[in-house]
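J.: sequence unknown, structure follows:
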C-alpha cells in the first residue's frame, strides 16, 4: 500500500505517509516549556509507528500563543526540554517537526496584548487587538527567525510555519482581517509580504538540507475572503522558500462549515496540481482506506490523521497488522503483532 511507502523531503526520509498534525494540548504553563505530558504524548505516537509528528502550535513570543498554556520557543530556556522530546521521538524511528506560530488577535492570555494587522475583533466577544506598527512587524519577523534557530538546536527534522486557522499570518493574508493601507495591505502581493519576509528570514538560518512546511487555510468561507484561487497565487509567490504545503481551510472568522470525512482534501489536490508542490491533506481522515485513496490518486503526498491518533496511538501498527503489511514493530510489542 502506498500509505506505508517511504517519502523523502530534503534530508528527511519518512518511513510511511502518516502524519500526526499539530493539535494543541494546553498542557504547559506561563513558561511555555514542554513537560512530562508532552514527552509521553508524542513519544507514544512514535512508538505507535507514525511517520512524521508535527509538534503543536508553538509561540515565537509570549503573546504569540493562543493561551498561556501553549508551548513556547521565544527563549533559549525552551531548548533543553524540546531537545529531550525530539530525541525520544527519534529513538523510536519517527521524524519530528515543530509548528512555529503567532496567534495574533486570537491570543487570550495575560502575558501581553493581542495584536493584528488591523484593529478588528475575531468575534463580538473577543477583545479589540492592537494594530501592529511596521517596527513591531519587523520584531515579529525576527522572532520567527530566532525561533527557527532554536528549533534547529533542539534537533527538529523540519519546521512548519503556521499561516492558517485565523492566526497572525492568516490575518495578514486575508482581506477580511487586513485593512492596512501601507505595503503590508491592499493587494494580494502586499498582503503576502509579511509571510514572505518571515520565510526569507527563516531561510537565512534554517539548514538548507532540512525541509520547511507551510500550513495554510485555503478558504475563508465568506464572500470577499480568501479562496482557492487566491491561495494558489499566494503559494506560487512564496514556494521557492517551502518544500510542502499543509492544506486546511477556515479559522479566520466564525463560520458554519459543513464537515465530512475528507472535506478539505480537494483543496490539497488543487494546490498540489496548480502550484506543482507536495501537499499534506487533512480533514476528518480516519482510516487507511481513505489515506490510500488520497495518496494513490495523487491528491496529496502525506495524510494528516489527527483525532484518530488521539484515540488510538497505535493506529499505524494496528492498520498494518490488519492488512498483513510488514512494518518495524517495537521489539517489546512484537508478541502482540
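T.: Okay, I see it. All values derive from a computational prediction rather than experimental measurement.
J.: So residue 320 sits against residue 328, correct?
T.: No. Residue 320 is not in contact with residue 328 according to Cβ atoms under 8 Å; the separation is 9.8 Å. The C-beta positions use only the backbone N, C-alpha and C, and glycine is treated the same way.
J.: Common neighbours of the two, please.
T.: residue 49 (Cβ atoms under 8 Å, 6 or more residues apart in numbering).
J.: what about the strands in the stretch 51-200 of the chain?
T.: 52-59, 71-72, 95-101, 115-116, 130-131, 158-163 (DSSP state E, counting those that start in this stretch).
J.: how about these in JSON lines, adding mean neighbour count?
T.: Output for these, formatted as JSON lines (neighbours: other Cβ atoms under 10 Å):
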{"stretch": "strand 52-59", "mean neighbour count": "27"}
{"stretch": "strand 71-72", "mean neighbour count": "26"}
{"stretch": "strand 95-101", "mean neighbour count": "27"}
{"stretch": "strand 115-116", "mean neighbour count": "24"}
{"stretch": "strand 130-131", "mean neighbour count": "14"}
{"stretch": "strand 158-163", "mean neighbour count": "26"}
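J.: Of all the ones you listed, which one is nearest residue 250?
T.: strand 158-163 (13.3 Å; Cβ to Cβ).
J.: Next, format the strands of the stretch 51-200 of the chain as JSON lines and append mean pLDDT and distance to residue 145.
T.: Formatted as JSON lines, these follow (pLDDT from 0 to 100; distance: least, Cβ to Cβ, whole Å):
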{"stretch": "strand 52-59", "mean pLDDT": "98", "distance to residue 145": "15"}
{"stretch": "strand 71-72", "mean pLDDT": "98", "distance to residue 145": "16"}
{"stretch": "strand 95-101", "mean pLDDT": "98", "distance to residue 145": "10"}
{"stretch": "strand 115-116", "mean pLDDT": "98", "distance to residue 145": "18"}
{"stretch": "strand 130-131", "mean pLDDT": "98", "distance to residue 145": "22"}
{"stretch": "strand 158-163", "mean pLDDT": "98", "distance to residue 145": "11"}
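J.: Distance to residue 257 added to those strands, as JSON lines?
T.: JSON lines is the format used below for these (distance: least, Cβ to Cβ, whole Å):
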{"stretch": "strand 52-59", "distance to residue 257": "20"}
{"stretch": "strand 71-72", "distance to residue 257": "26"}
{"stretch": "strand 95-101", "distance to residue 257": "21"}
{"stretch": "strand 115-116", "distance to residue 257": "22"}
{"stretch": "strand 130-131", "distance to residue 257": "28"}
{"stretch": "strand 158-163", "distance to residue 257": "19"}
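J.: Can you give the contact residues for stretch 283-300?
T.: Contacts of stretch 283-300 (Cβ under 8 Å, 6+ apart): 1-3, 17-18, 247-249, 259-266, 268-269, 272, 279-281, 301-305, 307-308, 319, 323.
J.: Quick check on those residues: which are buried?
T.: Among the contacts of stretch 283-300, those scoring as buried are 1, 3, 17-18, 247-249, 262, 264-266, 268-269, 272, 279-281, 301-305, 308, 319 (criterion: 16 or more other Cβ atoms under 10 Å).
J.: Mind checking which of these land in strands?
T.: 18, 247, 248, 279, 280, 281, 302, 303, 304 (DSSP state E).
J.: tell me how far the ends of stretch 255-265 are from each other?
T.: With Cα to Cα, to the nearest Å as the measure, stretch 255-265 spans 19 Å from end to end.
J.: What's the mean pLDDT across that stretch?
T.: Computed over stretch 255-265, the mean pLDDT rounds to 93.
J.: and what of stretch 283-292?
T.: 94.
J.: what about that stretch, start to end distance?
T.: For stretch 283-292, the end-to-end distance is 14 Å (Cα to Cα).
J.: now stretch 281-301
T.: 8 Å.
J.: do stretch 122-137 as well
T.: End-to-end distance (Cα to Cα), stretch 122-137: 20 Å.
J.: list the buried ones in it?
T.: Within stretch 122-137, the residues scored as buried using 16+ other Cβ under 10 Å are 122, 129, 132, 137.
J.: Return the subset of the residues you listed lying in helices.
T.: residue 137 (DSSP state H).
J.: can you put the buried residues of stretch 122-137 in CSV and add distance to residue 171 and pLDDT?
T.: Shown next, in CSV, are the buried residues of stretch 122-137 (distance: Cβ to Cβ, whole Å; pLDDT from 0 to 100):
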residue, distance to residue 171, pLDDT
122, 9, 96
129, 9, 98
132, 10, 98
137, 12, 98
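J.: Compare residue 320 and residue 328 and say which is more crowded by neighbours.
T.: residue 320 (22 against 12; other Cβ atoms under 10 Å).
J.: just the angle between the strand or helix carrying residue 234 and strand 158-163, please?
T.: Using DSSP states H and E, residue 234 maps to helix 228-238. Helix 228-238 and strand 158-163 meet at an angle of 130 degrees, taking axes from the mean of the first three to the mean of the last three Cα atoms, to 10 degrees as the criterion.
J.: Please shift the residue numbers so they start at 55 in all later answers.
T.: Noted, 55 is the first residue going forward, which turns the last one into helix 282-292.
J.: Kindly provide the distance from residue 106 to residue 150.
T.: Using Cβ to Cβ, to the nearest Å, residue 106 is found at 7 Å from residue 150.
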